[in-house]
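# Structure for this input, please:
(one chain, ligands or ions: 1)
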Amino acid sequence: MSSSSNTLHIADLGCSVGPNTFIAMQHVVQVLKEKYQNNNILEFQVFFNDHVTNDFNALFRSLPIDRSYYALGVPGTFHGRLFPSRSIHFAHCSSAIHWLSKCPEELLDEKSPAWNKGSIHYVDTSNVEVLNAYVAQFEKDMEILLNARAEEIVEGGMIVILSPQSSECLVKFFGSSLMDLLNVLFYVFF
Ligand SMILES: C[S@@+](CC[C@H](N)C(=O)[O-])C[C@H]1O[C@@H](n2cnc3c(N)ncnc32)[C@H](O)[C@@H]1O
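Residues are numbered from 1 along each chain as shown. Okay, the predicted model is just below:
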């Protein structure tokens, strides 16, 4: 990870109002400090991101007094661009990717095989069309999220995504993302 200034930019995507985000950011800053202690990187800027409806006032009121970073709020969905190109060194996203950007339309359409009969979650497990509609929406959302971060994160930067769900769908999705990455690497080297 390199930086033209002595400031590292860290983003927490889907930060909510704390306290988990503060604990996570404290760890991230601490680890980066240890890693770059000889590199003249002395300052850290943390961008706290969440939907515009998030209670950013509550978040900022409870910022740790002894924090060793500058704090900023970035309102808006992480399903799209949030930051200038190549400006983020480390992005973190915990327990947020399972929030879909919208309800798949076919779930609400009585004529669709994926009609979810008015339920807001997957109850009738015999109807695999409902599951497929949710998976398709998740894949679209993740593609948008990862494409946006690919523009925003500096070369050599990093994104860490934590999800409490270890479903087959997630494993498949990240498996296929890794395969894409390997294909790009093979393309570069051969
Ligand atoms: C379960 S909370 C997790 C909070 C915190 N990251 C943690 O690990 O405790 C999920 C948060 O993600 C936010 N979120 C969900 N979808 C989002 C999106 N598309 N863009 C930004 N924030 C989002 C929600 O508003 C909520 O605050």
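
# I am assuming residue 49 contacts residue 76, so please confirm or correct that.
Yes - taking contacts as CB atoms under 8 Å, residue 49 lies within contact range of residue 76: 7.1 Å. Bear in mind the C-beta positions are built from the backbone N, C-alpha and C, glycine included.

# who's more crowded, these two?
Comparing residue 49 with residue 76 by other CB atoms under 10 Å, the one with more neighbours is residue 49, at 24 against 12.

# Using the three-state scheme, assign that one.
Under DSSP: H, G, I helix; E, B strand; the rest coil, the three-state class of residue 49 is strand.

# go on, the one 3 residues further on?
Using three-state DSSP as the criterion, the local structure at residue 52 reads coil.

# which residue sits closest to it in space, ignoring its chain neighbours?
Distance criterion CB to CB, 6 or more residues apart in numbering; nearest residue to residue 52, sequence neighbours excluded, is residue 75 at 4.3 Å.

# Over to residue 120?
Nearest non-adjacent residue to residue 120, counting by CB to CB, 6+ apart: residue 103, 7.8 Å away.

# Pull the number of nearby residues for that neighbour.
That count, for residue 103 with other CB under 10 Å as the rule, works out to 13.

# Next, give phi and psi for it.
When read as degrees, to the nearest 10, the backbone of residue 103 gives phi -80, psi 130.

# Could you do residue 147 as well?
According to degrees, to the nearest 10, residue 147 has phi -60, psi -40.

# Now do the contacts for whichever residue of the chain sits closest to the ligand.
Of all residues in the chain, residue 14 sits closest to the ligand, at 2.8 Å by CB to the nearest ligand atom. By CB atoms under 8 Å, 6 or more residues apart in numbering, the residues touching residue 14 are 49-50, 78, 93-97, 99.

# try 6 Å
50, 93, 96 (CB atoms under 6 Å, 6 or more residues apart in numbering).

# Look at the closest residue to the first one other than its chain neighbours and tell me its secondary structure.
Right, the one you point to is residue 50. Closest residue to residue 50 apart from its sequence neighbours, by CB to CB, 6+ apart: residue 15 at 5.2 Å. At residue 15 the chain is in coil, as set by three-state DSSP.

# who touches residue 15 in this structure?
By CB under 6 Å, 6+ apart, the residues touching residue 15 are 21, 48, 50.

# What's the per-residue pLDDT of residue 187 here?
Residue 187 carries a pLDDT score of 56 in this model.

# Likewise for residue 166?
On pLDDT, residue 166 comes in at 64.

# Mind listing what's buried along the strand or helix carrying residue 133?
Assessed by DSSP states H and E, residue 133 sits inside helix 128-152. The neighbour-count check on helix 128-152 (16 or more other CB atoms under 10 Å) flags 130, 133-135, 137-138, 141-142, 144-145, 148-149, 152 as buried.
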